[in-house]
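Asks: Predicted model and sequence below, questions to follow.
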Amino acid sequence: MKFLQAVRKMSQSSPEVHLSALRLKYHDRKDAFLEDNISVKNPFCVFRDWLDLALKTPEILEPNAAALATVSADGKPSNRFVLVKDATADGFTFFTNYGSRKAADIAANPNVAISFYWLPLRRSVRIEGVAEKISREDSLKYFHQRPRASQIGAAASPQSQQIPSRSYLDEVEAGIKEKLGANGEVPLPNWGGYLVRPDLIEFWQGQTDRLHDRIRFRRGAGVESEIDGKHVHKGEDGWIYERLAP
Ligand SMILES: Cc1cc2nc3c(=O)[nH]c(=O)nc-3n(C[C@H](O)[C@H](O)[C@H](O)COP(=O)(O)O)c2cc1C
């Protein structure tokens, strides 16, 4: 609460609040996130546990919101938030416009990174992997599960393109509604899902003494040769894991 009040105060440009003075209480030492707390050493299982807790935490209004970072053809990074709509042992799925800036980046370089931050839990998950388009069939299935207004909205918006005004979108939306009539099915626009298959998943938990916990899982060609039982450990299903200094 104190933190929120401080942030609010700051947003009113109060001269006495400085960003450098903001201190949020994190986990106590007795709640450290330890390797022993991970019963199955597969990051998808850990992610599922953490997500389940985030889903049960009422203060977290959108537990599936995550920052997605991409890199353009000329090597420039950018990021934006997306809603992760599926998290399975295959990876993490989000939906977007296939003509958007992020889609152009992914076409040029499919390596992406995703970060979740669940502030009330003082936890973050950081993912790196390769994005691929899901099948048109699966995109269509999800598209038609969305409220009709959202389907029309997606069809009306040339995401990431310059548009002349807000009213331009209203006009395009009205045109689509007129064409489809009250109940016409909205055809799938240039829109769909990406599945991010991770090769790195890191779990971060904030500790009040700033000795935060970081446990990183990796998989991929040759990583198992790094296992030394001291810093790098064997996990399950081809994953290795290691603790990183905060
Ligand atoms: C919480 C939140 C969730 C969002 N979810 C999505 C999403 O799932 N898909 C999407 O295309 N844009 C989503 N957006 C909008 C994007 O952040 C971004 O504005 C848009 O995708 C265009 O990004 P781009 O020009 O880099 O492609 C979301 C924004 C916020 C703040």
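Replies: That came through fine.

Asks: which residues are contacting the helix ranked longest in the chain?
Replies: With secondary structure taken from DSSP state H, the chain has its longest helix at helix 166-180. Outside of helix 166-180, the residues within contact range by Cβ atoms under 8 Å, 6 or more residues apart in numbering are 152, 153, 155, 156, 157, 163, 186. Just so you know, the C-beta spots here come from the backbone N, C-alpha and C atoms, and that holds for glycine as well.

Asks: got the buried residues for stretch 75-88?
Replies: Along stretch 75-88, these residues count as buried under the neighbour rule (16 or more other Cβ atoms under 10 Å): 79, 82, 84, 86, 87.

Asks: where's the strand or helix carrying the second one relative to the chain centroid, distance-wise?
Replies: In the assignment (DSSP states H and E), residue 82 maps to strand 77-87. With Cα atoms, centre = their mean, to the nearest Å as the basis, the distance from the averaged C-alpha position of strand 77-87 to the chain average is 4 Å.

Asks: Please export the C-alpha coordinates of that strand as PDB.
Replies: Coordinates of each C-alpha in strand 77-87 appear next as PDB, following Å, rounded to 0.1, in the frame of the first residue of the first chain:
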ATOM      1  CA  PRO A  77      15.300  -4.800 -30.100                       C
ATOM      2  CA  SER A  78      11.800  -3.700 -29.200                       C
ATOM      3  CA  ASN A  79       9.300  -5.000 -26.700                       C
ATOM      4  CA  ARG A  80       5.600  -4.800 -25.900                       C
ATOM      5  CA  PHE A  81       3.100  -6.600 -23.800                       C
ATOM      6  CA  VAL A  82       1.000  -9.500 -25.000                       C
ATOM      7  CA  LEU A  83      -1.400 -11.900 -23.300                       C
ATOM      8  CA  VAL A  84      -0.200 -15.400 -23.200                       C
ATOM      9  CA  LYS A  85      -3.100 -17.600 -24.100                       C
ATOM     10  CA  ASP A  86      -1.700 -21.000 -23.600                       C
ATOM     11  CA  ALA A  87       1.300 -22.400 -21.700                       C
END
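
Asks: what are the bridge partners for the spatially most central residue of the chain, then?
Replies: By Cα atoms, centre = their mean, the mean C-alpha position of the chain lies nearest to residue 66, the distance being 2.7 Å. According to DSSP bridges, the residues that bridge with residue 66 are residue 82.

Asks: do the strand holding residue 82 and the ligand meet?
Replies: Yes - in this structure, strand 77-87 sits against the ligand according to Cβ under 6 Å from any ligand atom; the contacting residues are 78, 80, 81, 82, 83.
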